[in-house]
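Q: Output the structure for:
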Amino acid sequence: MESPYTGLILLSGIDTPGITQALFSTLAPFAVAIIDVEQVVIRERVILTVLISLNESHAKAIDADLQACAEKLGVDIATSFSRIAPDSIAAKTGLLHVVAMGSPMVPAAIAAIAGSLADEGANIERIFRTASYPLTAVEFVVSGATQQVAKSALASVSALHKIDIAVQPGGLMRWAKKLVLMDMDSTLIQQEVIELLAAKAGVENQVKEITAAAMRGELDFEASLRSRVALLRGLNESVIAEVREEIVLTPGARTLVRTLSRLGHSVAVVSGGFIEVIEPILKELNIDYYRANQLEIVDGVLTGGLKGAIIDRAAKAQALRDFAAEIGVDIEQTIAIGDGANDLDMIAIAGLGIAFNAKPAVKAAADSAVTHPYLDSVLYLMGIAREDIEEADGQSRQA
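A: Below you'll find the model as predicted:
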């Protein structure tokens, strides 16, 4: 089969109503078929690219009419005509979505991303911005590389330029229903609940010492938790409500939960903290799936003990499996977000594991790391644009 004769048309200039109509009206009298088209407007400047197939004998006439159109509109139109192999214009598969987030996003970072991908033989098919504040998020659609190769190539770029980079496969399943499971302390909220309780009991320093010992590997999570809770013995249960009032959600937490719910995704929380403290907060956020440890309370006083099974790292991973099964979501369509060693197992088995302002070991184990303090930046990793989020919020306020 003979290679098709094609024309590539590039229009650029100040955007005004009627430009798109005028361009395609100019092409309408000719025996032309549209193969590909893309238009973008940035700061009142439009770039419109069209790939057409045409009769080779019409190329000069089409070019002349397009130049007349450009003069009338006050824009620039460049054309290029040639024969192209049919497979070179076929839709590409196996694409990756590389999301980079920075504040600010500097040219050197973009250059480094492009260079690292090119070194691996990958090609950037598209670049577009999904957010401009409180940080800038830029998404690259990439062909010619596997997820692992791209992730490895971009790891050093992320560290050098202090930007967050996530690499995810494209395809239809990117838009499938998901379960997003979050840690509570220092993830959904800014504080560590046990430290707030310890401050009420006057044992904050002792609790922090035990936590540090656990982080050094001298105690496992269950042992450290029981030791810390034992220090709360005798605390009146009325302090639980006081502590709850001191809790501050992480910036973007409400936006993340609200947006995910609007899109039909499910949100869950699994915490090594305490259900008595966090349950009212989760209900207020309309989060229906959650697990946490339970304090033992007798006659209105904390005994220093715990009731039921301990929510450790294995229990968090099991919660992810259980919630996914209950909701009807494949494990590949889950997202786990956490910051500490207790989150490692759920991050490891999730379809996308995100380390949120996390310890180095958690960053190394996760598919992606977010180092900015905005929890709703997770939405950008999922391909959701800031403008769409704000539009939905605006429509909700007007309703």
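Q: shaky segments in the stretch 101-250 of the chain?
A: Applying pLDDT under 70 to the stretch 101-250 of the chain flags the ranges 215, 217.
Q: which stretches of it form helices?
A: 107-119, 147-161, 193-201, 204-215, 221-230, 238-246 (DSSP state H, counting those that start in this stretch).
Q: which helices and strands does the longest one pack with?
A: If contacts are counted by 3 or more Cβ pairs under 8 Å, 6 or more residues apart in numbering; DSSP states H and E, helix 147-161 sits against strand 96-102, helix 107-119, strand 164-169. All C-beta atoms are positioned from the backbone trio N, CA, C, and that covers glycine.
Q: rewinding a little: deepest of the helices of the stretch 101-250 of the chain, which one?
A: Mean neighbours per residue, mean count of other Cβ atoms under 10 Å, is largest over these for helix 193-201, with a mean of 21.
Q: Give me the domain ranges for this structure.
A: According to automatic domain parsing, the chain comprises the domains 5-89, 96-171, 179-392.
Q: okay if I get those as CSV plus distance to residue 398?
A: Formatted as CSV, these follow (distance: least, Cβ to Cβ, whole Å):
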stretch, distance to residue 398
domain 5-89, 25
domain 96-171, 22
domain 179-392, 11
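Q: Neighbours of residue 307, how many?
A: 11 (other Cβ atoms under 10 Å).
Q: Residue 309 belongs to a strand, doesn't it?
A: No: checked against DSSP: H, G, I helix; E, B strand; the rest coil, residue 309 lies outside a strand; its state is coil.
Q: tally of neighbours for it?
A: Count around residue 309 with other Cβ under 10 Å applied: 12.
Q: Same check on residue 235?
A: For residue 235, the number of neighbouring residues by other Cβ under 10 Å comes to 21.
Q: how far away is it from residue 225?
A: Going from residue 235 to residue 225 by Cβ to Cβ, to the nearest Å gives 16 Å.
Q: Quick check: residue 213 touching residue 220?
A: No: if you go by Cβ atoms under 8 Å, residue 213 and residue 220 don't touch, sitting 10.6 Å apart.
Q: quick one, phi/psi of residue 11?
A: With angles defined as degrees, to the nearest 10, residue 11 sits at phi -110, psi 140.
Q: Tell me which residues touch it, please.
A: 19, 23, 46-50, 70, 75-77 (Cβ atoms under 8 Å, 6 or more residues apart in numbering).
Q: what's the closest non-adjacent residue to it?
A: Excluding the flanking residues, the one nearest residue 11 by Cβ to Cβ, 6 or more residues apart in numbering is residue 48, at 4.3 Å.
Q: ranges for the strands of the stretch 201-350 of the chain?
A: 266-274, 289-298, 301-307, 334-338 (DSSP state E, counting those that start in this stretch).
Q: so the longest one versus helix 238-246, what angle?
A: Right, strand 289-298. Inter-element angle recorded for strand 289-298 and helix 238-246: 150 degrees (by axes from the mean of the first three to the mean of the last three Cα atoms, to 10 degrees).
Q: and the helix or strand where the residue nearest to residue 11 lies, which strands flank it?
A: If you go by DSSP states H and E, residue 48 is part of strand 45-53. Paired neighbours of strand 45-53 in the sheet (DSSP bridges): strand 5-14 (antiparallel), strand 33-42 (antiparallel).
Q: List the buried residues in the first one.
A: In other words, strand 5-14. Going by neighbour count (16 or more other Cβ atoms under 10 Å), the buried part of strand 5-14 is 5-9, 11, 13.
Q: For residue 371, give me phi and psi.
A: Dihedral angles phi and psi of residue 371 (degrees, to the nearest 10) take the values phi -110, psi 0.
Q: show me the contacts for the closest residue to it other than its chain neighbours.
A: Spatial nearest neighbour of residue 371, chain neighbours left out: residue 164 (5.7 Å); criterion: Cβ to Cβ, 6+ apart. The contact partners of residue 164, taken as Cβ under 8 Å, 6+ apart, are 100-102, 158, 368-372, 377.
Q: closest to residue 290 among those residues?
A: Checking the contacts of residue 164 against residue 290 by Cβ to Cβ gives residue 370 as the nearest, at 21.4 Å.
Q: quick one: the closest one and residue 378 touch, right?
A: Yes: under the contact definition of Cβ under 8 Å, residue 370 touches residue 378, with a separation of 6.8 Å.
Q: Overlap in contacts, the two.
A: Counting by Cβ under 8 Å, 6+ apart, the common neighbours of residue 370 and residue 378 are 354, 356.
Q: Out of the helices of the stretch 101-250 of the chain, the one nearest residue 139 is which?
A: Ranking the helices of the stretch 101-250 of the chain by proximity to residue 139 (Cβ to Cβ) places helix 107-119 first, at 11.1 Å.
Q: Show me what the closest one is packed against.
A: Checking 3+ Cβ pairs under 8 Å, 6+ apart, helix 107-119 ends up next to strand 96-102, strand 123-131, strand 136-143, helix 147-161.
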